[in-house]
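K.L.:
turn this into a model:
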Amino acid sequence: MYNEFYGFTKDPFLIVPDPNYLYMSPKHEEALARLAYGLKERQAVMLLTGEVGAGKTTLIRFVLSRLPSAVQAATITNSNLMAEPLLRMILAEFRLPAPLSADKAELIKNLQAHLENREAQRRRSLLIIDEAQNLPIDALEEIRMLSNFQVKNHSLIQILLVGQPELRARMRDPRCLQISQRIAVNYHITALNLDETRAYITYRLRRSGGNAELFTPDAMEMVFRLSRGIPRSINLTCDGALIYGFAEEVRIIDSAVVTKAAK
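P.N.:
As a prediction, this is how the structure comes out:
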């Protein structure tokens, strides 16, 4: 709606995760470096957490877009499943049959055979479970069992658990001790600070072909205060300010525009 008015070639503050718009703050760079290390070293279980809207899913999509062709990735986004339904979904994501007539033991056997076949071809397998804080205890135990699939000195499947801060609390549950002890890569993405928020807004404006100075310094500070440095909230706040600015035909977004839009 406001793209033509402000000279954008694409909406700068869409909240849909887009790896092409990933802003590499120091926090996201560190998260990416740790994941890259874990994937390269074939660590069995990795954990990535962050506040709601911190950019976890965008980061994961960025990682997926750059995986070598030898890595087959299965991504689970509906994690509120008990063990057997979760196992069936994992097989489906790996493009394996999971007939209703098959019992749990047969499903596990089929998955293990697939992983062993890929290993024999010097190909690797990666399982990503997003929103993993929703996993029931029995499902987490099933994931731990999958990490037992090993050959020589490494796992047949690497597992990346992604979730909100509650996932870290879940891992401290005594019932999750065995899987928590297997986490070799562990990182939590915190909110952006003021300087990072300013850089984030400027990056998104430039990435969309707009004026990098469209938001005044005081406007960016107001965005930071309202969003608390959470990227998704920054997007919502800036998008609202641009809609308001367009409606009022304001060419430069200052703190007054941000405040009025927020109200």
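K.L.:
which SS class is the residue nearest to Arg204 when sequence neighbours are not counted?
P.N.:
Distances taken as C-beta to C-beta, 6 or more residues apart in numbering place Pro12 nearest to Arg204, at 4.6 Å, with adjacent residues excluded. All C-beta atoms are positioned from the backbone trio N, CA, C, and that covers glycine. Going by DSSP: H, G, I helix; E, B strand; the rest coil, the secondary structure assigned to Pro12 is coil.
K.L.:
shouldn't Pro12 be in contact with Tyr200?
P.N.:
No - shown here, Pro12 and Tyr200 do not form a contact pair, counting by C-beta atoms under 8 Å, at 10.8 Å.
K.L.:
the strands in the stretch 1-150 of the chain, which residues?
P.N.:
With DSSP state E, counting those that start in this stretch as the criterion, the stretch 1-150 of the chain has strands at 45-50, 71-76, 124-129, 150-151.
K.L.:
okay, the first one in CSV with CA atoms only?
P.N.:
Okay, so that is strand 45-50. Taking Å, rounded to 0.1, in the frame of the first residue of the first chain, the C-alpha atoms of strand 45-50 are listed here in CSV:
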residue,chain,number,x,y,z
VAL,A,45,21.6,-33.0,19.2
MET,A,46,21.6,-29.2,19.0
LEU,A,47,19.4,-26.6,20.8
LEU,A,48,18.4,-23.2,19.6
THR,A,49,16.1,-21.0,21.6
GLY,A,50,14.9,-17.4,21.6
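K.L.:
so which elements touch it?
P.N.:
Contact analysis of strand 45-50 by 3 or more C-beta pairs under 8 Å, 6 or more residues apart in numbering; DSSP states H and E lists helix 26-40, helix 56-65, strand 158-163, helix 165-171, strand 183-189 as its packing neighbours.
K.L.:
at 6 Å what do you get?
P.N.:
Packing contacts for strand 45-50, counted by 3 or more C-beta pairs under 6 Å, 6 or more residues apart in numbering; DSSP states H and E, involve strand 158-163, helix 165-171, strand 183-189.
K.L.:
dump the residue contacts of Met46.
P.N.:
If a contact means C-beta atoms under 6 Å, 6 or more residues apart in numbering, then Met46 has 38, 160, 185 as its contacts.
K.L.:
just list whatever residues bridge to it.
P.N.:
Leu160, Val185 (DSSP bridges).
K.L.:
which among the helices and strands packed on strand 45-50 is found nearest to Leu59?
P.N.:
For the helices and strands packed on strand 45-50, the distance to Leu59 is smallest for strand 183-189, at 7.6 Å, taking C-beta to C-beta.
K.L.:
what's the first helix or strand after the closest one?
P.N.:
The helix or strand immediately downstream of strand 183-189 is helix 194-207, counting by DSSP states H and E.
K.L.:
ok, the spatially most central residue of the chain to Ile189 distance?
P.N.:
With distances taken as C-alpha atoms, centre = their mean, Thr57 lies nearest the centre of the chain, 2.2 Å away. Between Thr57 and Ile189 the computed distance is 11 Å (C-beta to C-beta, to the nearest Å).
K.L.:
got it, and Met82?
P.N.:
Using C-beta to C-beta, we find Met82 at a distance of 28 Å from Ile189.
K.L.:
same drill for these two, tell me which one is more crowded.
P.N.:
Ile189 (19 against 13; other C-beta atoms under 10 Å).
K.L.:
what sits against the more buried one?
P.N.:
Contacts of Ile189 by C-beta under 6 Å, 6+ apart are 27, 31, 50, 54.
K.L.:
what's the closest of the residues you listed to Ile243?
P.N.:
Comparing those against Ile243 with C-beta to C-beta places Ala54 closest, at 23.9 Å.
K.L.:
so what's the residue nearest to the centre of the chain closest to, chain neighbours aside?
P.N.:
With C-beta to C-beta, 6+ apart as the measure, Pro17 is the residue that lies nearest to Thr57, at 4.4 Å, once sequence neighbours are left out.
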